[in-house]
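**Student:** Let's see this in three dimensions:
(chains A and B)
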Amino acid sequence: DAGITQSPRHKVTETGTPVTLRCHQTENHRYMYWYRQDPGHGLRLIHYSYGVKDTDKGEVSDGYSVSRSKTEDFLLTLESATSSQTSVYFCAISAGDSYNSPLHFGNGTRLTVT
Amino acid sequence: GNSVTQMEGPVTLSEEAFLTINCTYTATGYPSLFWYVQYPGEGLQLLLKATKADDKGSNKGFEATYRKETTSFHLEKGSVQVSDSAVYFCALIVQGAQKLVFGQGTRLTINP
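**Tutor:** Now for the predicted structure:
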């Protein structure tokens, strides 16, 4: 168990409302990631972080922002949710600082935008 | 760019059958290759990895060999069990990219 907690586990929200998803880790790892999972697309990277206040965009970052004010917390915000953002969101941490260290995933947040 | 292509699912087999899930890749550099597994309602877990050509990753009876000449990393298991029912993802990462790239996933169902 890599000590990753995602909250909430399920969320239903309306179009146009802001939504924040939280990822919390207990093991002080440097690299953290947010992915979304959609049928036929596998997992696609939204944003990632390589340290406190150090973040970068992934391949599907439009409509999302992130913040990392503490090592253990990585927040994903949908500023104004749209139906296309209905998805399952996974947080992941890298088990080490090597570029090919395996990722450990949380159990996901299922978000529905109505 | 970097990409991963997996065989289309779903795949349905009987218990004790031989399993192959095909995975091929394109990469701008020299990738490390991974197989992840996702059980229902859970996040992905690392199943096995290989970091250089001809390496064989193995775990829980699953194997995959890094074939640079065919740019492939096919997942195999000699005798599947009902508990192997899950979604399997092939993935790669290239040094300097810091971004794991996933295939679309293959859903496997094993019937008793």
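**Student:** can you pull out the strands in chain B?
**Tutor:** B:3-6, B:11-14, B:19-21, B:23-26, B:31-38, B:44-50, B:56-59, B:62-65, B:75-77, B:86-94, B:101-102, B:106-111 (DSSP state E).
**Student:** Mind putting these into a markdown table with mean neighbour count?
**Tutor:** Just so you know, the C-beta spots here come from the backbone N, C-alpha and C atoms, and that holds for glycine as well. What follows is the strands of chain B, written out as a markdown table (neighbours: other C-beta atoms under 10 Å in any protein chain shown):
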| stretch | mean neighbour count |
| --- | --- |
| strand B:3-6 | 18 |
| strand B:11-14 | 14 |
| strand B:19-21 | 17 |
| strand B:23-26 | 18 |
| strand B:31-38 | 24 |
| strand B:44-50 | 21 |
| strand B:56-59 | 14 |
| strand B:62-65 | 20 |
| strand B:75-77 | 20 |
| strand B:86-94 | 24 |
| strand B:101-102 | 22 |
| strand B:106-111 | 17 |
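**Student:** between those strands, which one is nearest to A:Glu59?
**Tutor:** Of all those, strand B:101-102 sits nearest to A:Glu59, with 8.7 Å by C-beta to C-beta.
**Student:** Which elements pack onto the closest one?
**Tutor:** Strand B:101-102 is packed against strand A:42-51, strand B:3-6, strand B:86-94, with contacts defined by 3 or more C-beta pairs under 8 Å, 6 or more residues apart in numbering or on different chains; DSSP states H and E.
**Student:** got CSV for those strands, with distance to A:Ala81 and mean pLDDT too?
**Tutor:** Listed next are the helices and strands packed on strand B:101-102 as CSV, based on distance: least, C-beta to C-beta, whole Å; pLDDT from 0 to 100:
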stretch, distance to A:Ala81, mean pLDDT
strand A:42-51, 14, 94
strand B:3-6, 29, 94
strand B:86-94, 26, 95
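**Student:** any chance of these in a markdown table, plus distance to A:Lys11?
**Tutor:** Formatted as a markdown table, the helices and strands packed on strand B:101-102 follow (distance: least, C-beta to C-beta, whole Å):
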| stretch | distance to A:Lys11 |
| --- | --- |
| strand A:42-51 | 16 |
| strand B:3-6 | 29 |
| strand B:86-94 | 22 |
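**Student:** of the ones you listed, which approaches A:Phe105 most closely?
**Tutor:** Across the helices and strands packed on strand B:101-102, A:Phe105 has its closest neighbour in strand A:42-51 (8.9 Å, C-beta to C-beta).
**Student:** got the CA coordinates for whatever helix or strand comes next after that closest one in PDB?
**Tutor:** Once the chain leaves strand A:42-51, the next helix or strand it forms, by DSSP states H and E, is strand A:54-57. Output of strand A:54-57 as PDB, limited to C-alpha atoms (Å, rounded to 0.1, in the frame of the first residue of the first chain):
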ATOM      1  CA  ASP A  54       6.400  22.900  -9.200                       C
ATOM      2  CA  THR A  55       3.800  21.700 -11.700                       C
ATOM      3  CA  ASP A  56       3.500  21.100 -15.400                       C
ATOM      4  CA  LYS A  57       0.900  20.300 -18.000                       C
END
